[in-house]
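> Quick one: sequence plus predicted model below, questions after.
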Amino acid sequence: MEKNRSTAPSFQSVLNRLTFMSGSAAGWVIFAMMTLVTVAVFSRQLFGYSMVFYDEYSAYMMVFCVFLGGAYTLQQDGHVRVDFVVIRLQPRTRKIFRLITSIFSFVYGLVMTWQTAKLVLYYKEVGQRALSIMETPTWIPAIAVPVGLLILSLQMAVCILQDIRAFSQDSAAR
């Protein structure tokens, strides 16, 4: 019996859901980071008690925000662009340029994902800990880097497909 392909979620819909979840997680981590810093400031000012771990953990949270929010930012077309050269190109040349840069970005993202995943596994294998009072295992905050880069790379693959579609539609119209 043949499976009904329409009921199976597509790669892009699964990736969209994953990207939304990672973006939402980044937003919640920002909220948690702000709460942690606020509580640390109030505890120091009101009670004279210093929370020694807040700066370390807020730095870890910042890493989570940056890497888990990258794919969502790409999906929403929110990354900063310096396009003073690109806007001077012909529309067809601009599409080719965008496709080439998307491919390079995808390959770079995959290489970075692979290398940072190896680093996280190394941290776990040797039992490396942060040189701080909390002695946090470094693989825990570092895991956000390859996970976020993987989601970003997959989102870049969607950009490549969109660029190819736009280029082929432009070529078909000629």
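Arrived safely.
> Who's the closest spatial neighbour of Ile164, skipping the chain neighbours?
Residue nearest to Ile164 in three dimensions, not counting chain neighbours: Leu99, with 6.6 Å by CB to CB, 6 or more residues apart in numbering. All C-beta atoms are positioned from the backbone trio N, CA, C, and that covers glycine.
> hang on, isn't that neighbour packed against Leu161?
No - at 10.2 Å, Leu99 does not count as touching Leu161 under the criterion of CB atoms under 8 Å.
> Same drill for the two, tell me which one is more crowded.
Higher neighbour count among Leu99 and Leu161: Leu99, with 17 against 13, using other CB atoms under 10 Å.
> What is the helix or strand containing that one packed up against?
Using DSSP states H and E, Leu99 sits in helix 91-126. Here helix 91-126 touches helix 139-142, helix 144-173, going by 3 or more CB pairs under 8 Å, 6 or more residues apart in numbering; DSSP states H and E.
> and with 10 Å instead?
If you count contacts as 3 or more CB pairs under 10 Å, 6 or more residues apart in numbering; DSSP states H and E, helix 91-126 packs onto helix 54-75, helix 139-142, helix 144-173.
> now the helix or strand hosting Val41, how far from the centre of its chain.
Using DSSP H and E, the element containing Val41 is helix 11-47. Relative to the mean C-alpha coordinate of its chain, helix 11-47 is positioned 14 Å out (CA atoms, centre = their mean, to the nearest Å).
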